[in-house]
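**Student:** one predicted model, sequence on top.
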Amino acid sequence: AAAAAAAAAAANTSSPKATMYSAWGVILGAIICLLSYSQHCIWLTKSAYSSPSIVLVAGWGPYRHIMDDFREAYYWLSHNTATDAKIMSWWDYGYQITAMGNRSVIVDNNTWNTTHIATVGRAMSSNETEAYKISKMLDADYVLVIFGGLSAYSGDDINKFLWMVRIGGGVFPWIKEPDYLSASGMYTVGGDASDTMLDSLMYKLSYHDFQNVVTQQGKPGGYDRVRNYEMGRKDFTIENFEEAFTSENWIVRIFKVKDLENRRGHYDLEVKLK
């Protein structure tokens, strides 16, 4: 009994000191967590939020690579095209082209006319001859597309393309989404892609001359780093549009709509809307 009482007395004597150590341990742990979190916030701000959305960043630390293709392209537009030039692109980029390129666009983020947007979708999903007719009807001087095959930028027009087809098909019922899918029903621009997909203006403008570009060691020319396979068709030419500008990382591609006035008899510019 005496031994038990002595042990209890010793425990009561050491309890305040143990409690103090525990409290300091909790405080120290909280300080470390707060410091670590603040460092994480600083790193995240520097890495993810320090550049505008039109400036793309790839890699980390010493391997960080800045891709400024959008501003590069809009600067080119503002200095190398006529002040009254009209740019046809998907509506996502309308505000940027107007504000930074100082050029008029066919559709932008504020376009409420569904038929107008669908007409641009129809142009992008049509073959080159039909797309040329639509471009002339819309009085477009240039066509701008976004392509990520070299840079691995996944927000490009190829990944958005089915929306162009769907919106176009909502007004022009002969545009059918299944026509742009492979025989197995998959959306692809590779070897299994449908002829309708490979003949579309979007495919031709995006992949023009891409077969000559080696994007990754050990891969053939024309290997798409977003889709992770080789482009489906390489032996094609463009007759009615000519490449005017391609940004450093191939993200923005701009093509001039050729002036074929002397061949107008060959091109029926009366485009049926409905």
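**Tutor:** Okay, I see it.
**Student:** what segments of this structure are strands?
**Tutor:** Assigned by DSSP state E, the chain shows strands spanning 56-58, 65-67, 86-88, 104-105, 142-146, 223-224, 229-230, 241-246, 252-257.
**Student:** buried deepest among those strands, which one?
**Tutor:** Most buried of the strands of the chain by mean neighbour count (mean count of other Cβ atoms under 10 Å) is strand 142-146; its value is a mean of 25. Every residue, glycine included, has its C-beta placed from N, CA and C.
**Student:** just the mean pLDDT for that one, thanks.
**Tutor:** Mean per-residue pLDDT for strand 142-146: 98.
**Student:** can you check stretch 77-93 too?
**Tutor:** pLDDT averaged over stretch 77-93 gives 97.
**Student:** quick one: residues in contact with it.
**Tutor:** Stretch 77-93 has contacts (Cβ atoms under 8 Å, 6 or more residues apart in numbering) with 97, 100-109, 111, 117, 120-121, 123-124, 135, 138-146, 157, 160, 164, 244-245, 254, 257.
**Student:** 7 Å instead?
**Tutor:** 97, 101-109, 111, 117, 120, 123, 135, 138-145, 157, 160, 164 (Cβ atoms under 7 Å, 6 or more residues apart in numbering).
**Student:** ok, now stretch 234-247?
**Tutor:** Against stretch 234-247 from outside (Cβ under 7 Å, 6+ apart): 69, 72-73, 76, 128-129, 132, 142-143, 204-205, 208, 211, 222, 253-258, 260.
**Student:** stretch 159-171 now?
**Tutor:** For stretch 159-171, using Cβ under 7 Å, 6+ apart, the contacting residues are 90, 114-115, 117-118, 121-122, 124-125, 175-177, 180, 187, 202, 226.
**Student:** could you list the alpha-carbon positions for it in PDB?
**Tutor:** Provided in PDB are the C-alpha atoms of stretch 159-171 (Å, rounded to 0.1, in the frame of the first residue of the first chain):
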ATOM      1  CA  ASN A 159     -11.100  18.500 -78.700                       C
ATOM      2  CA  LYS A 160     -14.000  21.000 -79.100                       C
ATOM      3  CA  PHE A 161     -14.800  19.900 -82.600                       C
ATOM      4  CA  LEU A 162     -17.800  17.700 -81.800                       C
ATOM      5  CA  TRP A 163     -19.500  20.700 -80.200                       C
ATOM      6  CA  MET A 164     -19.100  22.500 -83.500                       C
ATOM      7  CA  VAL A 165     -20.700  19.600 -85.300                       C
ATOM      8  CA  ARG A 166     -23.600  19.400 -82.800                       C
ATOM      9  CA  ILE A 167     -24.300  23.100 -82.900                       C
ATOM     10  CA  GLY A 168     -24.100  23.100 -86.600                       C
ATOM     11  CA  GLY A 169     -26.300  20.100 -86.900                       C
ATOM     12  CA  GLY A 170     -28.900  21.800 -84.700                       C
ATOM     13  CA  VAL A 171     -29.600  24.200 -87.600                       C
END
